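sequence unknown, structure follows:
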């Protein structure tokens, strides 16, 4: 696709000037999310879902699947960006649940960098030679990022590394599959650069990315809301035998009888004390407690992420980052 999806006729101002408090209950937040998704599924010709295996995008995927089941539709495919630095359990999680939910899983990879890393036996943090890469990556490095060094580090949570490993990989997937919309699990309260997003957000500059729209059905959720919706709605719905209203487990072995962690649509890393999932080498656990039991209101959700990328989030999002 080379033209923006103006045929969709969506309201790009929907959600402007709103906050999570605009939707005061979980039911109101879920209702708004489903309305946004219903509009998107009707408006776009070839949408996809961005799925990281994290709590936010898994909730968004669940809502898409539930709505598609109700409508008798096949869910859109899910795009998983493989940046070569994931925790192994994240790979296992998305493969397990894409199979259970019968969702097509598409891997987006910057294969140019992948080949270089494999050929040279690189580890995260090692240097990559700019002039050894292909035209697309060099164009992004030299012209969009305006990066002037001869090398950059093979690390996800850096300015150059993040853009090439995630955004360029996503762009190539959008173009090769002709997707006109990406359903994403970003939230207003998650990061300052996302605080002014709207439910339907245009990405129409062909000089930066294949023209498409972003659809944000859970913008209105806080981190606490995501966990409330996960434990109170998603888990009892999809895990056979899970009792409604069961207490929030304090560990992986604190589950109802007969329920194992593999039966849950929740990444095991959240039981291990991670609140945000990034790369294996630059994301740290924030507590000994599971994510949902931590001080969600009094501490920063993405504090476990390397902060080089976090501090440059606004610019990265202008260039196509989620």
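All right, it came through fine. Quick caveat: nothing in here was measured; it's all calculated off a predicted structure. Numbers count the residues shown, from 1 in each chain.

pLDDT wise, what is the most centrally placed residue in the chain at?
By CA atoms, centre = their mean, the chain has its centre lying nearest to residue 52, at 4.4 Å. Model confidence at residue 52, given as pLDDT, is 95.

Wasn't it part of a helix?
No: if the criterion is DSSP: H, G, I helix; E, B strand; the rest coil, then residue 52 is coil and not within a helix.

can you tell me how far it sits from residue 111?
Between residue 52 and residue 111 the computed distance is 19 Å (CB to CB, to the nearest Å). Just so you know, the C-beta spots here come from the backbone N, C-alpha and C atoms, and that holds for glycine as well.

how about the strands in this protein?
Secondary structure of the chain (DSSP state E): strands at 47-50, 78-81, 105-108, 127-129, 151-153, 181-183, 200-203, 212-215.

which stretches of the stretch 1-150 of the chain have low pLDDT?
1 (pLDDT under 70).

if you go through it in chain order, where are the helices?
Using DSSP state H, counting those that start in this stretch, the helices of the stretch 1-150 of the chain run over residues 26-43, 55-71, 88-100, 111-120, 135-139.

of all these, which lies closest to residue 293?
For those, proximity to residue 293 was assessed by CB to CB; helix 55-71 is nearest, at 13.6 Å.

got the buried residues for that closest one?
Under the neighbour-count criterion of 16 or more other CB atoms under 10 Å, helix 55-71 has 55-68 buried.

what's the answer for stretch 153-170, then?
153-170.

Which of those fall in helices?
When the buried residues of stretch 153-170 are checked against helices (DSSP state H), the matches are 159, 160, 161, 162, 169, 170.

Against residue 292, how distant is the residue of the chain most remote from its centre?
Relative to the mean C-alpha coordinate of the chain, counting by CA atoms, centre = their mean, the farthest residue is residue 257 (31.5 Å). Note on residue 257: its distance to residue 292, by CB to CB, is 21 Å.

can you check residue 283 too?
Distance from residue 283 to residue 292, by CB to CB: 18 Å.

do residue 189 as well
Counting by CB to CB, the gap from residue 189 to residue 292 is 16 Å.

Kindly report the same for residue 51.
20 Å.

When those two are compared, which one has more neighbours?
residue 51 (26 against 21; other CB atoms under 10 Å).

Leaving out sequence neighbours, find the closest residue to the more buried one.
Closest residue to residue 51 in three dimensions, ignoring its sequence neighbours and counting by CB to CB, 6 or more residues apart in numbering: residue 78, at 4.1 Å.

Tell me which stretches of the stretch 151-300 of the chain form helices.
Using DSSP H, counting those that start in this stretch, the helices of the stretch 151-300 of the chain run over 159-162, 169-177, 223-229, 235-238, 268-271.

Distance to residue 90 for the buried residues of helix 55-71 - can I get that in TSV?
Formatted as TSV, the buried residues of helix 55-71 follow (distance: CB to CB, whole Å):
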residue	distance to residue 90
55	12
56	14
57	11
58	11
59	16
60	16
61	14
62	17
63	21
64	20
65	19
66	23
67	25
68	24
